[in-house]
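Colleague: Okay, here's the prediction I keep looking at, along with the sequence it came from:
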Amino acid sequence: MIIETVMTSLNNKNELNFSAIGVQFIKDKLVFYPYKNTITAENILATKRGVVNIVDRSYYLVLAALSEASFAVKETALGNYYLKDCCNYYEFQLSAISDLGEKYKINAKITAQNNISNFIGFNRADNLLLEAAVIASRIGITKKVKDLKNYLAENREIIFKTGDHKSKESYLFLKEYLQRQEE
């Protein structure tokens, strides 16, 4: 099973990057598939480490997937950074990498983990926003601008009815993202 997460990674200059990425948890290992030529892939290849953050708000995933987001973080004992508002985080060390064409398959060993708060899950708005972010991130790959436009129009009422203020902010961010894609 793939879990949607926010990954924090550093480059060789100690500059922090946030990205949304699906991760498989297999015992004390992680497996994930970043696209080549992304900041995340370059950082992991350069430093051989990072942090997977489990969040219970789609807001983090939407912004991490589609913008150069910056969130409040704390430093770990190992010199990595985790989201201050995450539920759990898992520090990892690269153990193997495979070239899959346009992506890498990365296997990593969990080196430390911490539970910050209990994961309460996603509500209906969060689930819809997470899927909208996936559609948006695939525009030009497997999706079209109209796919996102239709999805947001179909789900606006539910998102505004079941979501909180961060859900509404995420929806508006996605609408702005859509407008930029239509230009």
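Modeller: Cool, got the structure.

Colleague: how does the chain divide up, domain by domain?
Modeller: Following automatic domain parsing, one gets these domains for the chain: 2-115, 124-182.

Colleague: could you dump those domains to a markdown table with mean pLDDT and mean neighbour count?
Modeller: Bear in mind the C-beta positions are built from the backbone N, C-alpha and C, glycine included. Formatted as a markdown table, these follow (pLDDT from 0 to 100; neighbours: other Cβ atoms under 10 Å):
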| stretch | mean pLDDT | mean neighbour count |
| --- | --- | --- |
| domain 2-115 | 96 | 17 |
| domain 124-182 | 94 | 16 |
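
Colleague: what's the nearest residue to Tyr81 if we skip its chain neighbours?
Modeller: Spatial nearest neighbour of Tyr81, excluding adjacent residues (Cβ to Cβ, 6 or more residues apart in numbering): Val73 at 4.2 Å.

Colleague: To clarify, my last question referred to Thr38.
Modeller: Ser19 (7.2 Å).

Colleague: Checking that neighbour next. Helix, strand or coil?
Modeller: Classification of Ser19 using DSSP: H, G, I helix; E, B strand; the rest coil returns strand.

Colleague: and the residue nearest to Tyr81, what does it touch?
Modeller: By Cβ atoms under 8 Å, 6 or more residues apart in numbering, the residues touching Val73 are Thr8, Leu16, Tyr81, Tyr82, Leu83, Lys84.

Colleague: quick one: the residue sitting nearest the centre point of the chain from Leu152, how far?
Modeller: Nearest to the mean C-alpha position of the chain, by Cα atoms, centre = their mean, lies Ala20 at 1.4 Å. From Ala20 across to Leu152, the span is 18 Å (Cβ to Cβ, to the nearest Å).
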